[in-house]
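# Have a look at this prediction, sequence included:
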Amino acid sequence: MDRVILLLLLLSVGVSTASSQPITESHRLFSIAMLRVQNLHLLSHELLSEFERSQTEEQRQVNKMFLQDFCNSDYIISPIDKHETQLISVLNLLSISLRLVESWEFPSRSLPVGSRNLISPKLTELKTGIQLLMKANQDAAEMFADGSPLPLAPTGNYYQSSSMRRTYELLSCFKKDMHKVETYLSVVKCRLFPETNCTS
């Protein structure tokens, strides 16, 4: 976990020193949201690694053998590759990111207490951050006025395998989804702030 804290400190320094230009409110909100999703992505990687280290080699192989090839959030319509991501509007990318975060509000409660206590408050913070980003966009109100938000993933009894396998599935899928959200927010930030140091 120390490695995660160090990386977050480096990210914080990078945000504060990256540019001498005035920081707009929208840019500030994006910087905060990016730090939050990077935090969650790094945390998901660390938690999954720690879980795997706590198991025997046989248990790890069994988990991987029976790991589902889809996650609960796969029911949310989202781009499948970089090309599709680039074709989707800023507001839709923000909306998809919000849906992905919301889809974990219930399943995250099934994680072990230690992991749950680390993840749940950070999910709430990220959700709030994305909502603020959407409100900051002058067209956000029009997007929600049509009453047809993007589909939400069902949160029923998808993760219902044995306790060890369920935890592995949850952590694996959570890591996958936080990677998606980080990717989508990075694309949005690069579009809205061309001066940002982005790589294609």
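Cool, the structure landed.
# For stretch 26-40, output the C-alpha coordinates as PDB.
What follows is stretch 26-40, C-alpha atoms only, in PDB (Å, rounded to 0.1, in the frame of the first residue of the first chain):
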ATOM      1  CA  SER A  26     -13.400  23.200 -14.900                       C
ATOM      2  CA  HIS A  27      -9.700  22.300 -15.200                       C
ATOM      3  CA  ARG A  28      -9.400  22.100 -11.400                       C
ATOM      4  CA  LEU A  29     -12.400  19.800 -11.200                       C
ATOM      5  CA  PHE A  30     -10.900  17.500 -13.900                       C
ATOM      6  CA  SER A  31      -7.600  17.400 -12.100                       C
ATOM      7  CA  ILE A  32      -9.300  16.300  -8.900                       C
ATOM      8  CA  ALA A  33     -11.500  13.700 -10.700                       C
ATOM      9  CA  MET A  34      -8.400  12.300 -12.400                       C
ATOM     10  CA  LEU A  35      -6.600  12.000  -9.100                       C
ATOM     11  CA  ARG A  36      -9.500  10.200  -7.600                       C
ATOM     12  CA  VAL A  37      -9.900   7.700 -10.400                       C
ATOM     13  CA  GLN A  38      -6.100   7.100 -10.600                       C
ATOM     14  CA  ASN A  39      -6.300   6.500  -6.800                       C
ATOM     15  CA  LEU A  40      -9.000   3.900  -7.200                       C
END
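# Any idea how far that stretch is from the middle of the chain?
Stretch 26-40 sits 11 Å away from the centroid of its parent chain (Cα atoms, centre = their mean, to the nearest Å).
# in it, what counts as buried?
Neighbour-count burial for stretch 26-40 flags 27, 29-40 (criterion: 16 or more other Cβ atoms under 10 Å). Where C-beta positions appear, they are placed from N, C-alpha and C, glycine not excepted.
# Likewise for stretch 59-76?
Applying 16+ other Cβ under 10 Å to stretch 59-76 flags 62-63, 71-74, 76 as buried.
# Find the helix or strand that residue 123 is a member of.
Using DSSP states H and E, residue 123 sits in helix 113-136.
# what does residue 70 give?
Short version, using DSSP H and E: residue 70 is in no helix or strand.
# let's have the chain start at 18 instead
With the count now opening at 18, the last piece we talked about shows up as residue 87.
# contacting residues around it?
By Cβ atoms under 8 Å, 6 or more residues apart in numbering, the contact set of residue 87 is empty.
# one step back: so can I have TSV of the buried residues of stretch 43-57 showing pLDDT?
Shown next, in TSV, are those (pLDDT from 0 to 100):
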residue	pLDDT
44	84
46	88
47	88
48	89
49	92
50	93
51	93
52	94
53	95
54	95
55	95
56	95
57	95
